[in-house]
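> next input, structure requested:
(chains A and B)
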Protein chains: 2
Amino acid sequence: MTQLQQARAGRITEQMERVARREGIAPQRIRDEVAAGRVVIPANRRHLNGADGGAKLDPIGIGRAVGTKINANIGASADSSCKDQELLKLQWAVKYGADTVMDLSTGGDLDETRRYLIANATVPVGTVPIYSMIVERPIEQLTYDDILAGVSAQAAQGVDFFTIHAGVLRKHLALTQKRKMGMVSRGGSLLVKWMVHHGRENPMYEMFDEISAILAEYDVAYSLGDALRPGCLADASDEAQFAELEVLGELVGRARAAGVQTIVEGPGHIPFDQIQMNMTRQQELCDGAPFYVLGPIVTDAFPGYDHITSAIGATAAAYYGASFLCYVTPAEHLALPTGEDVKAGCIAYKIAAHAADVARGHVGARDWDDRISEARARFDWAGQFALAFDGEAASAIRGRDQVDPDGDFCSMCGRAWCAMRISKEVKEQASGTK
Amino acid sequence: MTQLQQARAGRITEQMERVARREGIAPQRIRDEVAAGRVVIPANRRHLNGADGGAKLDPIGIGRAVGTKINANIGASADSSCKDQELLKLQWAVKYGADTVMDLSTGGDLDETRRYLIANATVPVGTVPIYSMIVERPIEQLTYDDILAGVSAQAAQGVDFFTIHAGVLRKHLALTQKRKMGMVSRGGSLLVKWMVHHGRENPMYEMFDEISAILAEYDVAYSLGDALRPGCLADASDEAQFAELEVLGELVGRARAAGVQTIVEGPGHIPFDQIQMNMTRQQELCDGAPFYVLGPIVTDAFPGYDHITSAIGATAAAYYGASFLCYVTPAEHLALPTGEDVKAGCIAYKIAAHAADVARGHVGARDWDDRISEARARFDWAGQFALAFDGEAASAIRGRDQVDPDGDFCSMCGRAWCAMRISKEVKEQASGTK
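Got it, this is the predicted structure:
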C-alpha cells in the first residue's frame, strides 16, 4: 500500500511519523493531509530500504501544511559533465539545503548515473522517465511497451517521483501556435513530436491508468509535468497553459483513485502580478495537490541572474499557494549548471522558501530570524554566523577588512558610527543603566 | 525657483523635458506630477551647471508616473576604502544601472570625497549631511548653527538630495524600548543620542523651516529619513515606525509649502506579507510623495546574500507603491561594500525595479522582455546578449562549455534535447513548412 492508501486507511506510517517530527506537527495531522492528497511523501519503497545496498531515504513531506520545500535539478548533458561531477552536485545541493534532487541527465550512461545518484542520496530523487526511453531510439520509434518498460525499470531502481507529461493533448497544440516561445519543456516537446509524427493522442494520457498501477506498486509519486508552461512573460497565463492545467486537475483525481500520491508542476515565466492568480487557480483545479513551480522567473531580461529573477517569483508563489520550488540557477537558458551554480540556486531558493514561510505565518518559521537578529543585536558574531544559512560566506565578508573579530561594529560604518552600538548606548543612558 | 515651484507656476523646465524624453511621457504630464509632488527631480542647480567645472547632472525623475529608480550607496568608512576606490564604485554603480548614488562616507576626508564624487557624477548625488557635521566634533557638541552651516555647505557643493532625519521625536523613543534591534539608522541614532544628552527635541524637526529655506535656494530635494525603520522582522510595522511615518507625512506638507521637492524614506526589514500594507500606508500618509525604500529585506537569516533577500522585498515594494529603491549589497550587516558588491547590488535592484514595472503595467516596460525572448526563440545568441542587462556575464556562462557559438542549442540540454529547437520543428511540421 502507498502512503496515500495507508493514510486513508487511518494508519500512521513510520514515514509520516518522521515527517511529523521534522516539521513539529502532530502525526495525525500529517496522516490526514496525506489522506487528502494535500501532503505528499515521495518515498519509493526500494529507496526507503536502500536499494542495492545504497543510501536509505530519509523521507520529507511536501504540501501547504508543512514547510516549503526546494528541489535542485542536476544531471549530465551530452555536452557537459559526468557521473562523478553529478555526485558532487548532489552533495553540494544537499549541503546548501535542497530537500529533493532531480536527475535530469540526458547525456552519459543514464541508467548508471541514476543508480549511482539514488545509491548516494538520502533525499528523494526525481526523474523524467521519458529521457531514458529515447536515448536508445529516435522518439518516433517509441512504443507503448517501451514506455511501460521504461517507467517500470526506473521505479524498480528506487526513483521517488516521476515527471510524467500526461496533460498535454492534441487539441492543445493549436493553442501554442500564437506563442513567442512555443514549448520549453524538454520531455513535453519530445512527446508532442511523437504525437504530431504519429497523428495520435499523448501516450502518457492514453496509458495513464497503466502507468499509475506501476507507480502504486513502488509508491512512486506523480509529478504531473506541464509541457505547455510559458517560456517567456508574453506567453504567461495563456489558453494553452490553462487548458493543460485543467487536464492535470482531472489526472490528479485519477491518480489519487489509483492510490498514487500526486504533485502538479507549474511555470516557469510569469509576471509578478499574475503569480497569485496562477497559484489560486492550480489549488482550485487540482483539489489542493501540492504545486511544484519552476521559479517563476519574473523578467526575461537578465540571463546569468535567473536564480534571482526566479527567487522573487518563487517567494510570491510559495506565499500564495505553491509548496515545492524547483530552483533555477544562474546558468538557466545558457548552459548546464556547475557545482557553483547549484550552490547559488539552492541558496536563492532557501531564501524564497523561508521568506514565504515567514510571510504565511508557518508555525515556527520566524523563530530563526528572531534568533539571528538577537545575536546580531548583541554583536555576537560567532552566534550570528552559526545561525546564518551560510555563515562561512558571511564570516568571510566580515573578515576581509581586518576589523576586531569580536568588536561591536563592522567596517560598513566603523565603530564610531555603528547605529546598533549607539542605539544600545542610548537605551542604557535612557534607562539609567549607564 | 525650484522644479516644484516652476511646475506649480505652469512652467515646463529643461529638466522636466529631459525626464519626459527619457521616460517617453508627455512633458505636460511630468510637469503636473512634479507640481503635485508625486514626481521629484533631484537637481541641485550647482550640479546642473557642473559645479567647479565638474560633470553636469543629467536629470532623472522619481515617482510612480515614471519608471522605478534605484540608488547605490557608496562612500568610505574609517576602516575601509578611499577617494579613488569610491570613484571606481561610482563608475561601477552607473555602469550597472544605478540611477542615483549616495555618498555615505564616514571616513577619510569627507568634504573632499564628496566634492570629487559630485564632480564625476552625471547622476544625482545624495548625502546625509549630519555625517560631515560630527566628524569634526562629538555629537553632543553639535549646535543649531553647526547644522545650518553643514547643510548650507553641502548644498553649495551641489548635492542633489539630502537625507534629513527630521521625523523622529522625543515622544517616539519610548516606543523603541521593546524592540529587538533598537535603531539601525546611522544618522538617526546619532541625532537621538544628541536629543537624549541634551533633553531636547530633534533639532532637524525644530529647524525644519530654516533647513527647507536652504534646500529651496539650491533646489536640493528632501529625502526624509526614517530613523526608526525596523532592523529585523520582529520590529517591522511597529508603533515606533508608524509614529515617525506620521510625522514624515506632516513634514512632506511643510516642505512642499516651502517649495522643496520631497521624497520619504522607508524600511528596511519587513516580512513579505506586510509590504503591501506598508506601501499603501506611506502613500496615504505622505500624500503621494515618492517612497524610497531600503530593500526591504524579507528574512534576517541570510547575511552574505542580502542583495537577494532584499531584491525580493524591493520587487513587491515597487509593485505596491514605492518608486525609488535603495540597493542592499551582499556586504550588508557585515562590511563596507567592494566594487563587486556594488555590481551585485545594482543588478539585483535593476531586476527588482524592472520586474515591478512590468507587473504594474508601466508603459513600455515589457517590450524589453519581449525583444529578448524573441531573440532567444530565434537562437540569436548575439542579439540576446546585446539585449541582456549583463550580456557579458550571460555570454561567459554559455561559452564555458565550448558548444557551437551560433548553434541552435546550449549545453544545458544539448542539441538533440533542446525543447525550443524541437518545438520549432514541431511547429514547422504541423504547419507544413517542413
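
> buried ones in stretch A:61-77?
A:61-77 (16 or more other CB atoms under 10 Å in any protein chain shown). C-beta: built from backbone N, CA, C; applies to glycine.

> quick check: end-to-end length of that stretch?
30 Å (CA to CA, to the nearest Å).

> kindly report the same for stretch A:40-48.
First-to-last distance for stretch A:40-48 - CA to CA - comes to 15 Å.

> all strands for the stretch 151-300 of chain A, in order.
A:161-164, A:221-224, A:262-266, A:291-294 (DSSP state E, counting those that start in this stretch).

> can you put these in CSV and add mean pLDDT and distance to chain B?
Formatted as CSV, the strands of the stretch 151-300 of chain A follow (pLDDT from 0 to 100; distance: least, CB to the nearest CB, whole Å):
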stretch, mean pLDDT, distance to chain B
strand A:161-164, 98, 13
strand A:221-224, 98, 17
strand A:262-266, 98, 14
strand A:291-294, 98, 13
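
> quick check: what element follows the helix or strand residue A:310 falls within along the chain?
Per DSSP states H and E, residue A:310 falls inside helix A:306-320. Once the chain leaves helix A:306-320, the next helix or strand it forms, by DSSP H and E, is strand A:324-326.

> what mean pLDDT does that next one have?
Strand A:324-326 carries an average pLDDT of 98.

> buried ones in the following helix or strand past that strand?
Next along the chain after strand A:324-326, taking DSSP H and E as the criterion, comes helix A:339-359. Neighbour-count burial for helix A:339-359 flags A:339, A:341-359 (criterion: 16+ other CB under 10 Å).

> among the residues you listed, which are within reach of chain B?
A:347-348, A:350-352, A:354-356, A:358-359 (CB under 8 Å from any CB of the partner chain).

> what residues does the stretch 51-200 of chain A put near chain B?
A:77-80, A:106-107, A:131, A:173, A:176-177, A:180-186, A:188-190, A:192-193, A:196-197.

> filter these down to the ones in helices?
A:131, A:173, A:186, A:188-190, A:192-193, A:196-197 (DSSP state H).

> top of these by number of neighbours, please.
residue A:192 (31 neighbours; other CB atoms under 10 Å in any protein chain shown).

> quick one, what contacts the nearest residue to it once chain neighbours are set aside?
Distance criterion CB to CB, 6 or more residues apart in numbering or on different chains; nearest residue to residue A:192, sequence neighbours excluded, is residue B:426 at 5.5 Å. When contacts are counted by CB atoms under 8 Å, 6 or more residues apart in numbering or on different chains, residue B:426 touches A:173, A:182-183, A:189, A:192-193, A:196.

> how close does residue A:368 sit to chain B?
5 Å (CB to the nearest CB, to the nearest Å).

> after the helix or strand where that residue lies, next one along is what?
Assigned by DSSP H and E, residue A:368 falls within helix A:365-377. Following helix A:365-377 in sequence order, the next helix or strand is helix A:381-387 (DSSP H and E).

> gap between stretch A:306-325 and the chain center?
10 Å (CA atoms, centre = their mean, to the nearest Å).

> what's the weakest-modelled helix or strand in chain A?
Lowest on mean pLDDT, DSSP states H and E among the helices and strands of chain A sits helix A:419-430, with a mean of 84.

> can you state the direction angle for that helix and helix A:365-377?
Counting by axes from the mean of the first three to the mean of the last three CA atoms, to 10 degrees, helix A:419-430 lies at 80 degrees to helix A:365-377.

> can I get helix A:419-430 in CSV? Just the C-alpha atoms.
Presented in CSV, the C-alpha positions along helix A:419-430 are these (Å, rounded to 0.1, in the frame of the first residue of the first chain):
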residue,chain,number,x,y,z
ALA,A,419,23.9,52.6,14.7
MET,A,420,23.3,49.5,16.7
ARG,A,421,26.1,50.3,19.1
ILE,A,422,24.8,53.9,19.5
SER,A,423,21.3,52.7,19.9
LYS,A,424,22.4,50.4,22.7
GLU,A,425,24.2,53.3,24.4
VAL,A,426,21.2,55.5,24.1
LYS,A,427,19.0,52.8,25.6
GLU,A,428,21.3,52.3,28.6
GLN,A,429,21.6,56.0,29.1
ALA,A,430,17.8,56.5,28.9
